[in-house]
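A.B. asks: mind looking at a prediction? Sequence and model below.
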Amino acid sequence: QVQLAESGGGVVQPGGSLRLSCAATGRAFSSYNMAWFRQAPGDERKFVAKINWTGHPVQYADSVKGRFTISKDDAKKMVYLQMNSMKPEDTALYYCAGDLLDFEDSVSSYDYWGQGTQVTVSS
């Protein structure tokens, strides 16, 4: 079992950057497939990016491809989401998620979730 805690959210202007972090506690973190999802007000939780437990492959939602980068550091038990060229439509509550078996884009595929960190893109 793994516990996840996100940090790094905040307010950023359009075109700016933020890096989200997800700290994991528990055993066997390096064996988990990890992902980021986001949920805007009034909307469903949606896939943003995922990284296989081996580090490859990584995959992104079309809306963030070329702007966001997911990475992980097994020694530190951390997952990161570097967000560049941010847009107002990136405003959402961002969640870190993990699973030992599935490497999918759906919310239901992930057993472990953090509490979320708020990201607001506004001038």
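C.D. replies: Perfect, I can see it now.
A.B. asks: so what's the residue count around residue 98?
C.D. replies: Counted by other C-beta atoms under 10 Å, the residues lying close to residue 98 total 24. All C-beta atoms are positioned from the backbone trio N, CA, C, and that covers glycine.
A.B. asks: check residue 108 too.
C.D. replies: 7.
A.B. asks: ok but it is inside a strand, no?
C.D. replies: No. Using DSSP: H, G, I helix; E, B strand; the rest coil, the assignment for residue 108 is helix, not a strand.
A.B. asks: break down this protein into its strands, ranges please.
C.D. replies: 2-7, 10-12, 18-26, 33-39, 46-51, 58-60, 68-73, 78-83, 92-99, 112-113, 117-121 (DSSP state E).
A.B. asks: among these, which is nearest residue 106?
C.D. replies: Nearest to residue 106 among the strands of the chain is strand 46-51 (7.3 Å), distances taken as C-beta to C-beta.
A.B. asks: would you mind writing the CA trace of that closest one as CSV?
C.D. replies: Extracted C-alpha coordinates of strand 46-51, given in CSV (Å, rounded to 0.1, in the frame of the first residue of the first chain):
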residue,chain,number,x,y,z
LYS,A,46,-9.7,13.7,-16.2
PHE,A,47,-6.4,12.0,-17.2
VAL,A,48,-3.4,14.3,-17.6
ALA,A,49,-0.2,12.2,-17.8
LYS,A,50,1.1,8.8,-16.7
ILE,A,51,4.5,7.1,-16.3
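A.B. asks: may I see the strands of the chain organised as JSON lines, with distance to residue 105 added?
C.D. replies: JSON lines is the format used below for the strands of the chain (distance: least, C-beta to C-beta, whole Å):
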{"stretch": "strand 2-7", "distance to residue 105": "18"}
{"stretch": "strand 10-12", "distance to residue 105": "25"}
{"stretch": "strand 18-26", "distance to residue 105": "17"}
{"stretch": "strand 33-39", "distance to residue 105": "8"}
{"stretch": "strand 46-51", "distance to residue 105": "4"}
{"stretch": "strand 58-60", "distance to residue 105": "8"}
{"stretch": "strand 68-73", "distance to residue 105": "13"}
{"stretch": "strand 78-83", "distance to residue 105": "15"}
{"stretch": "strand 92-99", "distance to residue 105": "11"}
{"stretch": "strand 112-113", "distance to residue 105": "15"}
{"stretch": "strand 117-121", "distance to residue 105": "20"}
